[in-house]
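Colleague: Sequence and predicted model, in that order:
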Number of protein chains: 2
Amino acid sequence: MKPDTAGEILDTMQELIQARGFNAISYQDIADRVGIRKASIHYHFPTKFALGAAVIGRYRARLLEALAAAEAGGSHRAVLAAYLEPFAAFVEGGDKVCLCGALAGEFAALPKPMQEQITQFFTEQQAWLEQLLERGRAAGELRFAGSPRSMARLCFSALQGALLVRRAQGDGQQIRDVIGTIRALLLG
Amino acid sequence: MKPDTAGEILDTMQELIQARGFNAISYQDIADRVGIRKASIHYHFPTKFALGAAVIGRYRARLLEALAAAEAGGSHRAVLAAYLEPFAAFVEGGDKVCLCGALAGEFAALPKPMQEQITQFFTEQQAWLEQLLERGRAAGELRFAGSPRSMARLCFSALQGALLVRRAQGDGQQIRDVIGTIRALLLG
DNA sequence: GTCTATAGGCAGATAGAC
DNA sequence: GTCTATCTGCCTATAGAC
């Protein structure tokens, strides 16, 4: 019934990072939730840092897949809507933030392999959004001032920040307002 | 020459939180930098959580003062410029993020007194910005679509997010782009 | 106010039985 | 693959001398 202990460990670690950050998590916390002993975790992931890097790697891959799926949506406006929709889902999904948003706050306390994965995540996410904005404007579907890069940076930063602020305030309207304003900004 | 050990402890703790987050810091780290023994810290702050709460309290007070000072600037456009200017200074100031931005990533791992201070910080900062936008628009100096509240949330979230993303990317252009885009957005 | 010394607990990690 | 047992080290915090 649970042949995938490694997957459960990854799931648990990811949830805990998104709630508490990396450094507040112990192997004991994970073991308790998965229902194994903490020594068993080392069989699947030799160190805590290796586990952390694995979580980020899976997160990156999943979100790149999600972007690819969104691109199949059709018009650039539809792709934008598909991109923004998951952020709205955060409103109901408890008080989590983006995995890499949480880790960026602890950046200097993380080892280089984890730092590089986080950097890569931000880079590829913003590059994708920049391309969407560029093509959407060229196609006449999106309208905004300034360069696609600057606007992508604004939108991505705002979404990341909104997740953080929302959690501290417990107010889902923060995210909804930011998404709504971004939508209005780009659809002109 | 250093009559204010408590102040030095607060300074050091704040710097370390902004670099690493709260949970990656030990009393040993602080003691080494201040040049005292770690037991001495307990004389000034009984627990690590009390020290954390004190740091946030001072940060809140200082930034509220900064907002008040910015308001003396004159026109609403000048006040906006004075508000945005410190964020640009982050570009040169190493790789720090907002104190509360870092702490928000660890929110669930923090005790209630610290959580409440963080919540208050975000609330008062966004309320101030909302009022500036509202008055600036009423005075005909600022132009933007949507409600002042939604736009304040967008701008504040974007600034917080930009600090996070910038650190992970080591690219100061992230902040400059976001500030520039916000300025263009509000000065219409 | 700062120190030395230490308590008491938990961290991540390893060895080896099953 | 998961377990028990254990290691070593660091953590926050306290007690009491100076």
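Modeller: It's in. For clarity, every value in this text was computed on a predicted model and none was experimentally measured.

Colleague: For chain A, what lies in contact range of DNA strand C?
Modeller: A:Ile25, A:Ser26, A:Tyr27, A:Gln28, A:Asp29, A:Lys38, A:Ala39, A:His42, A:Pro46, A:Thr47, A:Lys48, A:Phe49 (Cβ under 7 Å from any atom of the strand). (C-beta placed from N, C-alpha, C; glycine too.)

Colleague: confidence score at the first one?
Modeller: Note for A:Ile25: predicted pLDDT of 98.

Colleague: I'd like the secondary structure assignment at it, please.
Modeller: coil (DSSP: H, G, I helix; E, B strand; the rest coil).

Colleague: Give the burial count for the nearest residue to it once chain neighbours are set aside, as a bare number.
Modeller: Leaving out its chain neighbours, the residue that sits closest to A:Ile25 by Cβ to Cβ, 6 or more residues apart in numbering or on different chains is A:Leu16, at 4.7 Å. For A:Leu16, the neighbour count with other Cβ atoms under 10 Å in any protein chain shown is 21.

Colleague: just to revisit the earlier point, so which of the residues of chain A next to DNA strand C are in helices?
Modeller: Under the assignment DSSP state H, the residues of chain A next to DNA strand C contribute A:Tyr27, A:Gln28, A:Asp29, A:Lys38, A:Ala39, A:His42, A:Lys48, A:Phe49 to helices.

Colleague: Which among these count as buried?
Modeller: A:Tyr27, A:Lys48 (16 or more other Cβ atoms under 10 Å in any protein chain shown).

Colleague: What average pLDDT does the strand or helix carrying A:Gln115 get?
Modeller: Element membership of A:Gln115, judged by DSSP states H and E, is helix A:112-138. Per-residue pLDDT over helix A:112-138 has a mean of 98.

Colleague: just checking, next helix/strand downstream of it?
Modeller: In N-to-C order, the element after helix A:112-138 by DSSP H and E is helix A:148-169.

Colleague: Quick check: the two most widely separated of the residues of chain A next to DNA strand C?
Modeller: The distance between the two most remote of the residues of chain A next to DNA strand C (Cβ to Cβ) is 18.3 Å, for A:Asp29 and A:Pro46.

Colleague: Which strand or helix spans the closest residue to A:Phe45 other than its chain neighbours?
Modeller: Of all residues not flanking A:Phe45 in the chain, A:Leu51 sits nearest, at 3.9 Å (Cβ to Cβ, 6+ apart). Following DSSP H and E, one finds A:Leu51 within helix A:48-71.

Colleague: Contacts only, for A:Tyr27.
Modeller: Contacts for A:Tyr27 (Cβ atoms under 8 Å, 6 or more residues apart in numbering or on different chains) come out as A:Lys38, A:Ile41, A:His42, A:Lys48.

Colleague: same check, this time on A:Gly101
Modeller: Going by Cβ under 8 Å, 6+ apart, A:Gly101 touches A:Gln160, A:Leu163, A:Leu164, B:Gly105, B:Gly161, B:Leu164.

Colleague: what number of residues lie near the second one?
Modeller: One way to gauge burial is a neighbour count; for A:Leu163, by other Cβ under 10 Å, it gives 27.

Colleague: With the fifth one instead?
Modeller: The burial metric for B:Gly161, expressed as a neighbour count using other Cβ under 10 Å, is 31.

Colleague: contacting residues for it?
Modeller: A:Gly101, A:Phe156, A:Ser157, A:Ala158, A:Leu159, A:Gln160, A:Gly161, A:Ala162, A:Leu164, B:Val178.

Colleague: likewise the first one?
Modeller: Going by Cβ under 8 Å, 6+ apart, A:Gln160 touches A:Cys98, A:Gly101, B:Ser157, B:Gln160, B:Gly161, B:Leu164, B:Val165.

Colleague: Kindly recompute the last result at 7 Å.
Modeller: By Cβ atoms under 7 Å, 6 or more residues apart in numbering or on different chains, the contact set of A:Gln160 is A:Cys98, A:Gly101, B:Gly161, B:Leu164, B:Val165.

Colleague: which residue sits closest to it in space, ignoring its chain neighbours?
Modeller: Spatial nearest neighbour of A:Gln160, chain neighbours left out: B:Gly161 (3.7 Å); criterion: Cβ to Cβ, 6+ apart.

Colleague: Show the pLDDT at that neighbour.
Modeller: Reported pLDDT for B:Gly161: 98.

Colleague: For A:Thr12, see how far away it is.
Modeller: 27 Å (Cβ to Cβ, to the nearest Å).

Colleague: A:Ser40 now?
Modeller: Taking Cβ to Cβ, one finds A:Ser40 at 13 Å from A:Thr12.

Colleague: So for these two, which sits in the more crowded spot?
Modeller: A:Thr12 (19 against 14).

Colleague: element containing A:Leu16, please.
Modeller: Going by DSSP H and E, A:Leu16 is in helix A:5-20.

Colleague: any bit of that helix sitting next to DNA strand D?
Modeller: Yes - with Cβ under 7 Å from any atom of the strand as the measure, helix A:5-20 is seen reaching DNA strand D through A:Thr5.

Colleague: Now do that helix: everything it contacts.
Modeller: For helix A:5-20, contacts defined as Cβ under 7 Å, 6+ apart pick out A:2, A:25, A:29-30, A:33-34, A:36, A:41, A:44-45, A:51, A:54-55, A:58-59, A:96-97, A:99, A:102-103, B:106, B:108-109.
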